[in-house]
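Mind looking at a prediction? Sequence and model below.
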Amino acid sequence: MARIIPATEIKALAGTIVGTSEWVEVSQERINQFAEATGDFQFIHIDEEKAKLTPFGGTIAHGFLTLSLIPLLTQLSDCPRPEGIKMGVNYGGNRTRFLTPVRSGKRVRGVFKLLEIEEKRPGQWQQTMEITVEIEGESKPALICEWLTQFFV
């Protein structure tokens, strides 16, 4: 569950891991739904029989599906949230690297390291977070990215 603290106190946490999410299953159903939503029907994602013949040994999640789980993983984490937050919006990303494919049925979680938070103008904060999406039972993560969000308090 999120910790609610003043935004000024979150600043002192820069450079540290501030949260870890619960594990979330990346099911074949979720992968198929993502394919429907995006129009990306490459066989490695949706054709279990053909995908068995690839080096992956089965279907894998779209990289962008794994990336799109970040809001859910954030909600399922203990990351601090600014006190009095009215809303938060995505501002963008600096770096995203897809390191290991996520096999259908595997579970992932987010590990959140706060890199920076600064007040852009009164009541508007910009946060840069390094997010590592880990795969349960795997030594290498699925992805690492720097994600920027803005909070309005």
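Received it, and whenever you're ready, just let me know what you need.

show me the contacts for the closest residue to Ala7 other than its chain neighbours.
Spatially, and ignoring its direct neighbours in sequence, Ala7 is nearest to Pro82 (4.0 Å; Cβ to Cβ, 6 or more residues apart in numbering). For glycine as for every other residue, the C-beta is placed from the backbone atoms N, C-alpha and C. By Cβ atoms under 8 Å, 6 or more residues apart in numbering, Pro82 lies in contact with 4-7, 10, 125, 151, 153.

and the longest helix along the chain, what other elements does it pack with?
The longest helix of the chain (DSSP state H) is helix 28-38. When contacts are defined as 3 or more Cβ pairs under 8 Å, 6 or more residues apart in numbering; DSSP states H and E, helix 28-38 packs onto helix 43-46, helix 63-68.

Give me the below-cutoff pLDDT ranges for this protein.
Scanning the chain for pLDDT under 70 picks out the ranges 1.

okay, which residue is most central for it?
Ile70 (2.5 Å; Cα atoms, centre = their mean).

which SSE is the closest residue to that residue other than its chain neighbours in?
Ranked by Cβ to Cβ, 6+ apart and with sequence neighbours excluded, the top spatial neighbour of Ile70 is Ile131, at 5.9 Å. For Ile131, the element it lies in under DSSP states H and E is strand 124-135.

moving C-terminal of that strand, what's the next helix or strand?
That would be, after strand 124-135 and using DSSP H and E, strand 143-152.

returning to that earlier point: check contacts around the residue nearest to the centre of the chain.
Listed by Cβ under 8 Å, 6+ apart, the contact set of Ile70 reads 110, 131, 133, 145, 147.
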